[in-house]
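Asker: Prediction below, plus the sequence it came from.
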Amino acid sequence: MKKDSFSREVINAKPFLKWAGGKTQLLSEYNKRLPSHIIQNRTIKRYVEPFVGGGAMFFFLNRNYNIKESFLFDINKELIITFKVCQNDHRELIDKLSEIEKTYLKEPEENRKKFYYKVRDLYNSQMNAFNYRDYNSEWIERASYLIFLNKTCFNGLFRQNKKGEFNVPFGKYERPKICDKNNISQVNKVLRAVEIFNADFTKSRKYVKRGTFVYLDPPYRPLSDTSSFTSYSKEGFNDEDQKKLAIFFEKMDKKGAYLMLSNSDPKNEYPEDEFFDKLYGKYKIERIPARRYINRDAAGRGDINELVIRNYM
Ligand SMILES: C[S@@+](CC[C@H](N)C(=O)[O-])C[C@H]1O[C@@H](n2cnc3c(N)ncnc32)[C@H](O)[C@@H]1O
């Protein structure tokens with residue numbers, strides 16, 4: 001295995017799922033805003049991410065910095081079982097995905113569509129009786145279904161209805177990469193040394209110590225009443241949760257952690273909206289330009305700002 005100038009394995013892992021709110025396009029902006037000692041030493045001693053989602057930031061940091069210890073959290077159990085399968089059984093996962101890929105790609109569109117809905121129905125019907133608590137071999141199959149659905153569904157996003165069912169329709173792609181063997185192997189290397197939790201963000205509290213770097217990317221506050229963009233999971237995230245998060249931020253600040261938080265900027269739509277400015281008034285609030293493709297109508301796809309809030313300079 002190649003080593004870089006910091007004598008560690010070269011890591012090339014990228015998110016293995018496309019996730020709502022994925023941060024890939026903003027990474028270089030976040031990178032410039034990391035704590036200066038991290039930029040200088042290229043090392044993060046302890047990393048905590050309470051809303052990991054697809055993990056764009058986590059994988060980016062692993063590609064560019066030497067992270068000694070990481071603790072990842074998300075409330076979405078389907079997401080977390082998939083992370084854990086990548087961590088524990090990536091070879092079996094690759095086998096299952098490559099089987100699915102072979103079956104799927106050789107079919108014409110009409111049959112692909114039937115196959116997609118068959119897997120989606122099966123995935124949803126298994127949900128109620130599924131054991132999400134104790135790691136077992138059934139997790140491998142479920143993780144392979146989630147990756148398959150994610151790679152072949154319309155817009156490639158994971159979305160659940162109130163009952164927790166995956167409800168995205170079929171997407172037409174010529175040759176979707178269902179089994180990205182190299183990436184899953186890279187992801188596995190990164191995850192071996194990581195602790196992953198299916199839990200509310202508040203549970204990450206005890207892993208945050210003086211000097212820990214914490215990146216927080218909670219579900220967006222909807223830009224408008226019609227935006228359905230906070231439905232990552234059936235739990236949702238309302239203004240009360242945002243306030244609870246601000247209290248958490250303050251507590252972690254008192255512990256001496258370095259905190260970076262991103263969110264949508266309500267001022268994009270309502271210039272007088274001071275929600276986050278009030279909540280995080282004590283901290284450094286920046287507005288950085290971002291292009292977001294959330295709104296369904298083309299008119300809503302303009303340049304907008306994204307909030308970055310830090311407790312350090
Ligand atoms: C904006 S997304 C994170 C996206 C991620 N930064 C990425 O690049 O893919 C927010 C995540 O928070 C999770 N979430 C929602 N409520 C939560 C809670 N109370 N505690 C922990 N995670 C939660 C959602 O499941 C979702 O994965």
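Answerer: Cool, got the structure. Numbering: from 1, shown residues only.

Asker: Any stretches of this structure with poor pLDDT?
Answerer: Using pLDDT under 70 as the threshold, the predicted model of the chain has low-confidence ranges 1-8, 223-235, 292-303.

Asker: Go ahead and flag the most central residue of it.
Answerer: Relative to the mean C-alpha position of the chain, the nearest C-alpha, by Cα atoms, centre = their mean, is the one of Gly53, at 1.9 Å.

Asker: Let's verify that residue: helix, strand, or coil?
Answerer: coil (DSSP: H, G, I helix; E, B strand; the rest coil).

Asker: ok, the residue of the chain most remote from its centre - contacts?
Answerer: In the chain, the residue that sits farthest from the middle, by Cα atoms, centre = their mean, is Pro108; the gap is 32.0 Å. Applying Cβ atoms under 8 Å, 6 or more residues apart in numbering, one finds that Pro108 lies in contact with no residue. In short, each C-beta sits where N, CA and C put it, glycine included.

Asker: Could you check how far it is from the ligand?
Answerer: Distance of Pro108 to the ligand, given as Cβ to the nearest ligand atom, to the nearest Å: 33 Å.

Asker: you'd agree the residue nearest to the centre of the chain is up against Asp217?
Answerer: Yes - using Cβ atoms under 8 Å, Gly53 and Asp217 qualify as a contacting pair, with a distance of 6.7 Å.

Asker: Which neighbours do the two have in common?
Answerer: Listed as contacting both Gly53 and Asp217 by Cβ under 8 Å, 6+ apart are Gly21.

Asker: okay, now Phe130: neighbour count?
Answerer: Look at Phe130: counted by other Cβ atoms under 10 Å, it has 16 neighbours.

Asker: dump the residue contacts of it.
Answerer: By Cβ under 8 Å, 6+ apart, the contact list for Phe130 reads 138, 142.

Asker: Checking my notes, it in a helix, right?
Answerer: No - looking at Phe130 with three-state DSSP, it is coil, so not inside a helix.

Asker: element containing the residue nearest to Glu101 when sequence neighbours are not counted?
Answerer: Spatially, and ignoring its direct neighbours in sequence, Glu101 is nearest to Ile178 (4.0 Å; Cβ to Cβ, 6 or more residues apart in numbering). Secondary structure assignment for Ile178, by DSSP states H and E: no helix or strand.
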